[in-house]
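**Q** got a predicted structure plus its sequence, pasted below:
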Amino acid sequence: MVKICCIGAGYVGGPTMAVIALKCPSVQVAVVDIAQKRIEAWNSDKLPIYEPGLDDVVKQCRGRNLFFSTEVEKHVGEADIVFVSVNTPTKTTGLGAGKAADLTYWESAARMIADVSKSSKIVVEKSTVPVKTAEAIEKILTHNSKGIKFQILSNPEFLAEGTAIQDLFNPDRVLIGGRETPEGQKAIKALKDVYAQWVPEDRILTTNLWSAELSKLAANAFLAQRISSVNAMSALCEATGANVIEVSYAVGKDTRIGPKFLNASVGFGGSCFQKDILNLVYICECNGLPEVAEYWKQVIKINDYQKNRFVNRVVASMFNTVAKKKIAILGFAFKKDTGDTRETPAIDVCKGLLGDKAELSIYDPQVTEDQIHKDLTLSKFDWDHPLHLQPMSASSSTEKQVTVVGDAYEAAKGAHGLCIMTEWDEFKTLDYKKIFDNMQKPAFIFDGRNVVNVDQLREIGFIVFSIGKPLDAWLKDMPAVA
Ligand SMILES: NC(=O)c1ccc[n+]([C@@H]2O[C@H](COP(=O)([O-])OP(=O)(O)OC[C@H]3O[C@@H](n4cnc5c(N)ncnc54)[C@H](O)[C@@H]3O)[C@@H](O)[C@H]2O)c1
Ligand SMILES: O=c1ccn([C@@H]2O[C@H](COP(=O)(O)OP(=O)(O)O[C@H]3O[C@H](CO)[C@@H](O)[C@H](O)[C@H]3O)[C@@H](O)[C@H]2O)c(=O)[nH]1
């Protein structure tokens, strides 16, 4: 029986290994982590992450051929294939701070693999890493390997949160990079055999190591660039009277461009796009390519511009001050169908409004009160470390200005304005007349996700701002400069 061990029971390690266990009943899969609470949650009825379809997959194989454990060394020692799916945050100090990937967790995992291994292993990079990381990992593994042979593969993950199970069941492609030696090719085949149990052969791509590592950064940069492109257009739409929904539909009808990933928004969030582009920028700079670095940096600059523009629009519309005004925040997760708040644009928007002394009432169907308070006090990039290494307590000043409530109506009660930060389906069907009746007047809605029906809300009496849509007269008279 092939034994797989995955180091890192997070958003990638957990769902990916659960699907491998489901689709390959003859493979034994152990997912290990240093975070005891996370492992306890994986072994309980309340899994540590919310992901549609995940509960069902875990229930089918947990205890059969899927195990979650803190016995990291034991399971690594026994495995034939070791996936490494640990955090690769942006460095906050030292060389490359603010851009380069921090490989501390990866390196410590690699050293541990080298220390505990008594048999040859395939080590798979599942985390997103800078191109050429495999070379460094190889050095660490072979330095102390007591004659044991390790083959390194790059197998980046392309799942998106909220659709992870669907993406894993039916991936656009699985990418496996390895050494071009006979041993490297043998290792590629062993991993390919695992995926081939459910992924059609023509969707399993094999490349050299560096192409696989770089393709992951490239794919995220291309995806994020589409969003920044449409968001840049949204600003121009607001200035000219064009409607970004119509523009992106017309643009996406060109089969060379395609319709997906062209939704204008308050900005992209999530644990990957910004981190991976910063990483790409740093690699370009290190390789003497400042023009290429500058090109990709612009994707992040437009994203920051979009979030600032949104805050300025809120404040400028409300007579240039939100001090002591209640503002409802609907949605805090970085996208719908997840409780994940890493790099969510809601954090920047809330911090911007708190800076202008607003009082926020926040509702999200999946994000806990604790998480929201923590997010509003954590420093940039601190979130991307194992849980027990993150600061725990929220600051009392934020706690005074922020309340977290259990539904959208409560959040909006008595508020001057309402901001939609996540495109949860339930926000499309709220009783906006009831919300309007319970708000201060004039009542404002700022839709950062284009989910509301602007005409209907204007008829009810709201002043409505929806990203990239023609502005109503009130907003035209109150220009917001980013
Ligand atoms: N989240 C996504 O959608 C996504 C998609 C594709 C790729 N990725 C990449 O995958 C990697 C993991 O991302 P994630 O979202 O799953 O992160 P995560 O924070 O949810 O999970 C990482 C886990 O690794 C554990 N860990 C860290 N060091 C460890 C060690 N030495 N031994 C054992 N466990 C250790 C942490 O405790 C944590 O539970 C990152 O490189 C990320 O860029 C993420
Ligand atoms: O048209 C769009 C599409 C997305 N978004 C936003 O972009 C962010 C990222 O969304 P998405 O890509 O769907 O989720 P992630 O889970 O971050 O997945 C991305 O990042 C993962 C981690 O690397 C990759 O594996 C995935 O392929 C890649 O899509 C979210 O804030 C979305 O709201 C938009 O604003 N407009």
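**A** Noted; the coordinates are in hand. Numbers count the residues shown, from 1 in each chain. Ligands and ions are numbered 1, 2, ... in the order given.
**Q** enumerate the residues of the stretch 51-200 of the chain near ligand 1.
**A** When proximity is defined as C-beta under 6 Å from any ligand atom, the stretch 51-200 of the chain approaches ligand 1 at 72, 85-88, 105, 108-109, 127-128, 157, 159, 161. Where C-beta positions appear, they are placed from N, C-alpha and C, glycine not excepted.
**Q** state whether Val123 is indeed within a helix.
**A** No: counting by DSSP: H, G, I helix; E, B strand; the rest coil, one finds Val123 to be strand, located in no helix.
**Q** hey, what's it bridged with?
**A** In this structure, Val123 bridges to Val82, Ile152 when assessed by DSSP bridges.
**Q** distance of it relative to Leu159?
**A** Val123 sits 21 Å away from Leu159, taking C-beta to C-beta, to the nearest Å as the criterion.
**Q** got it, and Lys476?
**A** With distances taken as C-beta to C-beta, Lys476 is found 42 Å from Leu159.
**Q** excluding chain neighbours, what is closest to the residue of the stretch 351-482 of the chain found nearest ligand 2?
**A** Closest to ligand 2 within the stretch 351-482 of the chain is Glu423: 6.9 Å, counting by C-beta to the nearest ligand atom. Leaving aside its chain neighbours, Glu423 sits nearest to Arg449 (4.0 Å; criterion: C-beta to C-beta, 6 or more residues apart in numbering).
**Q** is the one you found in contact with Phe268, as I believe?
**A** No: the pair Arg449 / Phe268 is not scored as a contact, 11.7 Å apart, by C-beta atoms under 8 Å.
**Q** identify the contacts common to those two.
**A** Here Arg449 and Phe268 share no contacting residue, scored by C-beta atoms under 8 Å, 6 or more residues apart in numbering.
**Q** name the helices or strands packed onto the helix or strand hosting Gln166?
**A** Using DSSP states H and E, Gln166 sits in helix 164-169. If contacts are counted by 3 or more C-beta pairs under 8 Å, 6 or more residues apart in numbering; DSSP states H and E, helix 164-169 sits against helix 13-23, helix 54-61.
**Q** what's in contact with that helix?
**A** Against helix 164-169 from outside (C-beta under 8 Å, 6+ apart): 11, 15-16, 19, 51-54, 57, 158-160, 198.
**Q** pLDDT and distance to Pro386 for the residues you listed - can I get that in TSV?
**A** Shown next, in TSV, are the contacts of helix 164-169 (pLDDT from 0 to 100; distance: C-beta to C-beta, whole Å):
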residue	pLDDT	distance to Pro386
Tyr11	97	13
Pro15	98	18
Thr16	98	18
Val19	98	23
Glu51	95	20
Pro52	96	25
Gly53	97	26
Leu54	98	21
Val57	98	24
Phe158	98	23
Leu159	98	21
Ala160	98	23
Trp198	98	31
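**Q** got the residues you listed as CSV, with distance to ligand 2 columns?
**A** Listed next are the contacts of helix 164-169 as CSV, based on distance: C-beta to the nearest ligand atom, whole Å:
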residue, distance to ligand 2
Tyr11, 8
Pro15, 11
Thr16, 11
Val19, 14
Glu51, 10
Pro52, 13
Gly53, 15
Leu54, 14
Val57, 18
Phe158, 4
Leu159, 5
Ala160, 4
Trp198, 19
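**Q** neighbour count and distance to Leu175 added to these, as CSV?
**A** Output for the contacts of helix 164-169, formatted as CSV (neighbours: other C-beta atoms under 10 Å; distance: C-beta to C-beta, whole Å):
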residue, neighbour count, distance to Leu175
Tyr11, 22, 19
Pro15, 24, 17
Thr16, 24, 13
Val19, 25, 16
Glu51, 24, 22
Pro52, 13, 24
Gly53, 16, 23
Leu54, 18, 23
Val57, 22, 22
Phe158, 16, 8
Leu159, 18, 12
Ala160, 15, 15
Trp198, 15, 16
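**Q** for stretch 358-371, buried residues please.
**A** Neighbour counts over stretch 358-371 (16 or more other C-beta atoms under 10 Å) mark 358-367, 369, 371 as buried.
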